[in-house]
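K.L.:
dropping the sequence and predicted coords here.
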Amino acid sequence: MRHLLSTQDLSADEATELLDEAERFEQALTGREVRKLPTLRGRTVMTVFYENSTRTRVSFEVAGKWMSADVINVSASSSSAGKGESLRDTAKTLHAAGADALIVRHPASGAAHQIAGWTAGPDDDGPAIINAGDGTHEHPTQALLDALTLRQRLGSLNGRRVAIVGDVLHSRVARSNAHLLSTLGAEVVLVAPPTLLPVGVAEWPVITSNDLDAELPAVDAVMMLRVQAERMNGGFFPSAREYSVRYGLNDRRMNLLPDDAVVLHPGPMLRGMEIGYSVADSPRATVLEQVRNGVHVRMAVLFRLLVGTDSAPSPANTPGA
Ligand code: CP
């Protein structure tokens with residue numbers, strides 16, 4: 001693995017290895033007073049975010065620091081991007097400044113892929129590029145942490161049915177999960193108003209539905225998506241009220257789910273819109289488990305890209321680590 005740009009690039013074996021590696025890192029850190037492994041000592045990891053983030057940016061920073069990397073955070077608002085510097089020049093500058101990995105969030109779909117091309121040269125592969133969310137395209141580490149959470153709660157993804165509900169049109173989380181969960185053997189049903197399903201969804205490895213009440217009794221997990229008003233150019237159809245009534249996960253709908261079904265949300269949540277207040281705090285909701293798993297998944301991704309090969313032993317299992 002040279003970069004992590006899309007879950008569509010991951011085979012079932014590669015994805016499973018990353019999830020296993022994340023659990024090994026979790027085990028290596030459990031019970032330690034000092035959560036510090038030497039794995040990435042001397043390596044420089046930079047986060048470059050052109051959109052807001054809490055979970056992804058912080059968990060990459062924690063992951064890097066727990067592995068002893070030097071972690072540098074670059075935000076567009078305080079960088080020379082604000083003076084008009086192009087994404088290409090910024091990426092090449094950070095590479096020249098010593099980045100071994102660039103973790104990129106950008107509003108343009110394909111931005112991380114572009115950077116991987118711009119920073120590779122004839123004598124230099126360039127830094128590892130990790131897509132931390134590109135427009136409405138992909139958010140691969142989110143899907144990996146969701147898959148890990150589902151695997152821990154359900155035992156296995158194979159043959160499980162997962163509903164991804166809501167604003168699929170604007171969701172990079174939905175696309176990354178649709179591909180990854182399907183690669184790992186789950187059946188994915190996208191549940192959304194017709195206006196919030198993307199053109200081309202027929203080519204995704206999913207089935208689609210517009211009827212949430214009809215789908216809930218048959219799923220093992222339901223993943224609620226945030227309504228991304230910032231990508232709607234001021235328009236919202238259906239209305240926020242109608243959306244909440246038809247696609248919000250409320251207490252009545254929780255009772256339609258099988259008893260052991262779980263509820264995921266990538267965050268940030270809009271309580272009262274796509275998810276009810278009490279649903280978000282229910283023991284069946286995995287929101288904070290997802291955040292915790294996100295740190296370990298991002299440790300695994302950094303390890304695989306900066307250190308590991310398929311045959312390398314994990315530093316999480318190395319004596320003294
Ligand atoms: N799920 C997610 O990407 O959250 P942030 O936008 O807070 O990083």
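P.N.:
Structure received.

K.L.:
mind checking how far V162 is from R55?
P.N.:
Here the criterion is Cβ to Cβ, to the nearest Å. By it, V162 lies 20 Å from R55. C-beta here means a position set from N, CA and C on the backbone, and glycine is covered the same way.

K.L.:
ditto for H3
P.N.:
21 Å.

K.L.:
who has more neighbours, those two?
P.N.:
Comparing H3 with R55 by other Cβ atoms under 10 Å, the one with more neighbours is H3, at 23 against 17.

K.L.:
I'd say the more buried one and A120 touch.
P.N.:
No: using Cβ atoms under 8 Å, H3 makes no contact with A120, being 9.5 Å away.

K.L.:
need the overlap of contacts for these two.
P.N.:
Common neighbours of H3 and A120, counting by Cβ atoms under 8 Å, 6 or more residues apart in numbering, are absent.

K.L.:
in which helix or strand would I find E26?
P.N.:
Using DSSP states H and E, E26 maps to helix 12-29.

K.L.:
then H296?
P.N.:
Applying DSSP H and E, one finds H296 within helix 287-306.

K.L.:
give the buried residues for that helix.
P.N.:
The neighbour-count check on helix 287-306 (16 or more other Cβ atoms under 10 Å) flags 287, 289-291, 293-306 as buried.

K.L.:
for the ligand, what are the nearby residues on the chain?
P.N.:
Residues of the chain lying close to the ligand by Cβ under 6 Å from any ligand atom are S53, T54, R55, T56, G133, Q142, P266, G267, P268.

K.L.:
residues contacting the fifth one?
P.N.:
If a contact means Cβ under 8 Å, 6+ apart, then G133 has E51, S53, T56, R105, H106, H139, Q142, R172 as its contacts.

K.L.:
quick check: the farthest pair among those?
P.N.:
Using Cβ to Cβ, the two most remote members of the contacts of G133 are H106 and Q142, lying 15.1 Å apart.

K.L.:
tell me the SS of the residue sitting nearest the centre point of the chain?
P.N.:
Nearest to the geometric centre of the chain sits Q142, at 1.2 Å (Cα atoms, centre = their mean). Three-state call for Q142 (DSSP: H, G, I helix; E, B strand; the rest coil): helix.

K.L.:
for L181, see how far away it is.
P.N.:
On the measure of Cβ to Cβ, Q142 and L181 end up 12 Å apart.

K.L.:
contacts made by the helix or strand of the chain with the lowest mean pLDDT with the rest, please.
P.N.:
None of the helices or strands of the chain scores lower by mean pLDDT, DSSP states H and E than helix 240-247, at a mean of 91. Residues external to helix 240-247 that are found in contact with it (Cβ under 8 Å, 6+ apart): V165, G166, V191, A192, P193, L212, V227, F236, P238, G272, M273, E274.

K.L.:
pLDDT below threshold where in the chain?
P.N.:
234-237, 309-321 (pLDDT under 70).

K.L.:
cutoff 80 now
P.N.:
229-230, 233-238, 309-321 (pLDDT under 80).

K.L.:
domain ranges for it, per the record?
P.N.:
Domain segmentation of the chain under automatic domain parsing yields 7-138+293-317, 140-289.
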